[in-house]
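Undergrad: Here is a sequence together with a model predicted from it:
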Amino acid sequence: MDVFGLANADAVLPGVKAGDPAAQEALYRAFEAPVYNLARRICRTTEDAEDVLQETFLEVFRSIGSFRGEGSLWGWVRTIASSKALMRLRRNKYRETDELQDDVTPLRREDAALRMDLEAALERLSGTSRAVVWLHDVEGYTHEEIATMMNKTVSFSKSQLARAHSRLRGWLGEEVPA
Amino acid sequence: MTHLTIEQLLALREPGLEPGVQGWRDHAAACELCRAELDRLDQRVARLRALPTLQPTRNRFAELQGRYRRERNRRRLLTLSLGGLALAASLALAVVFGPRLGTSPRAAQLAEQQELDSIISRSRQLESVIEDYDPDRRVTDGRTAVVAASLEDRLARVDNQLQLVDLMDQRVRPQEALRLWRERVGLLGALVDVHTTGATYVRY
């Protein structure tokens, strides 16, 4: 993924560690778009994604002292953002019929011909499946890392990915007759 | 001929070798349908990665900074109130043991120390009220947020001054501490009013 202005983000790190508001804003502006994008791809609504953006940076400013520079700053921020987005997903699961989204109302055979676009198909996936697809295929996390973040097993992550791809393939009209 | 499942096709894209992967790879190399399916899978992942980056529609940085500042100030208040407790304890010791050491405090000094103890205690109570109210978890209108932020800034300044009191001349130290703690309690009281009643005009 193209990350805007991140090349210079490390330069403001000492200022952020010292609690300098201008440095905090520079860091926020550098990471705002990629963090929001990740959150929005995982969460169902823009409001949830905006909240995840806030919670991520609040945590970043609080914990920046513990960042030792062993990995990339973006990698560290991204892990916090993923964790916050997954927490939001879990919280909302109790309020919504998230997991039922693509199970109870499967597309009828004739609906498959609608050839949904990829954005719409991604939105239609259950929250968990969508999160696994995004974290694995786009953000590049391994199944082991996803399992740890979701507090699930590696098999769970793999099966969610397979299930998601199977559904995307059908909804996008990519199935090939055997 | 049995074709590869989606799980097997996905396994072919993973680094490392799961048991059976080599056999699946050989099959994909020989089977046109499975190779086409694998290509489609690769293309789908490439399309996912090429989706546009979504941007937030609202600029909420000021709100984020406000939250962070309130949280930091609360941490400082907590640290200071612990310091205040230590100060109150040392004053109490002076009151109890002072006369035995032959340095009998005058009545005015005693009254001053008692008032200081009482103010520090009141300060702690007000902090608890704010802590319980938890303003960060509540929806606040813009004017209330501005007034609250201004009070918190003034509190931070008073706290900084309190930290310097120990460096002052011993003769003026108690009066200065008392003045600052009074101001602190006044500001905390105003902050409680702003949060609990939504008051946007405070006298303090």
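TA: On my side now, so go ahead.

Undergrad: Please give the element, helix or strand, for the residue nearest to the spatial centre of chain B.
TA: For chain B, B:E71 is the residue whose C-alpha lies nearest the centre (C-alpha atoms, centre = their mean; 2.7 Å). For B:E71, the host element (DSSP states H and E) is helix B:61-97.

Undergrad: Could you list the low-confidence segments of chain B?
TA: Where chain B drops to pLDDT under 70, the residues are B:1, B:17, B:78-105, B:136-140, B:198-204.

Undergrad: what does it have sitting close to chain A?
TA: B:3, B:5-7, B:10, B:14, B:33, B:36-37, B:40-41, B:44-45, B:47-49, B:51, B:53-58, B:60-61, B:63-65, B:67-68, B:71-72 (C-beta under 8 Å from any C-beta of the partner chain). Heads up, the C-betas are built off the backbone N, CA and C, glycines and all.

Undergrad: Show the buried residues in these.
TA: B:6, B:10, B:37, B:40-41, B:44-45, B:48, B:54, B:56, B:60-61, B:64-65, B:67-68 (16 or more other C-beta atoms under 10 Å in any protein chain shown).

Undergrad: Among these, which pair sits farthest apart?
TA: Among these, the pair separated by the greatest distance (C-beta to C-beta) is B:E37 and B:Q65, at 50.1 Å.

Undergrad: Can you mark which positions in stretch B:178-194 are buried?
TA: B:178, B:180-194.

Undergrad: which of those residues lies closest to chain A?
TA: Comparing those against chain A with C-beta to the nearest C-beta places B:L191 closest, at 20.6 Å.

Undergrad: Can you list phi and psi of A:I80 for me?
TA: phi -60, psi -40 (degrees, to the nearest 10).

Undergrad: wait, what's in contact with it?
TA: A:56, A:59-60, A:63 (C-beta atoms under 8 Å, 6 or more residues apart in numbering or on different chains).

Undergrad: Show me which of these are buried.
TA: Applying 16+ other C-beta under 10 Å to the contacts of A:I80 flags A:56, A:60 as buried.

Undergrad: B:R70 contacts B:D153, doesn't it?
TA: No. B:R70 lies out of contact with B:D153 (C-beta atoms under 8 Å); the separation is 10.5 Å.

Undergrad: Tell me which of these two has more neighbours.
TA: B:R70 (17 against 13; other C-beta atoms under 10 Å in any protein chain shown).

Undergrad: need the contact list for the more buried one.
TA: B:135-136, B:148-149, B:152.

Undergrad: Quick check: mean pLDDT of stretch A:148-163?
TA: In this model, stretch A:148-163 has an average pLDDT of 95.

Undergrad: and it, how far out from the chain's middle?
TA: Between the centre of stretch A:148-163 and the centre of its host chain there is 14 Å, according to C-alpha atoms, centre = their mean, to the nearest Å.

Undergrad: Could I get the buried residue list for that stretch?
TA: A:149-150, A:152, A:156-163.

Undergrad: ok, that stretch near chain B or not?
TA: Yes. Applying C-beta under 8 Å from any C-beta, one finds that stretch A:148-163 is in contact with chain B at A:158-159, A:161-162.

Undergrad: Beyond the helix or strand harbouring B:V147, next helix or strand please.
TA: In the assignment (DSSP H and E), B:V147 maps to helix B:142-164. Per DSSP H and E, helix B:142-164 leads on to helix B:173-197 as the next helix or strand towards the C-terminus.

Undergrad: B:Q161 contacts B:L180, correct?
TA: Yes. B:Q161 lies in contact with B:L180 (C-beta under 8 Å); the separation is 5.5 Å.

Undergrad: Show only the entries of the contacts of A:I80 found in strands.
TA: Assignment to strands by DSSP state E places none of those there.

Undergrad: Any chance of the contacts of A:I80 in CSV with pLDDT as columns?
TA: Below are these laid out as CSV (pLDDT from 0 to 100):
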residue, pLDDT
A:T56, 96
A:E59, 94
A:V60, 96
A:S63, 92
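
Undergrad: Out of the contacts of A:I80, which is nearest to B:D141?
TA: Nearest member of the contacts of A:I80 to B:D141, counting by C-beta to C-beta, is A:T56, at 24.9 Å.

Undergrad: Contact partners for A:F57?
TA: A:28, A:31, A:35, B:64.

Undergrad: what's the neighbour count on the second one?
TA: Here the number of neighbours of A:F31 (other C-beta under 10 Å) works out to 24.

Undergrad: what about the residue nearest to it when sequence neighbours are not counted, helix or strand, and which?
TA: Leaving aside its chain neighbours, A:F31 sits nearest to A:V77 (5.4 Å; criterion: C-beta to C-beta, 6 or more residues apart in numbering or on different chains). Using DSSP H and E, A:V77 falls within helix A:73-93.

Undergrad: helix or strand right after that helix?
TA: Following helix A:73-93 in sequence, per DSSP H and E, is helix A:118-124.

Undergrad: List the buried residues for that following helix?
TA: A:121-122, A:124.
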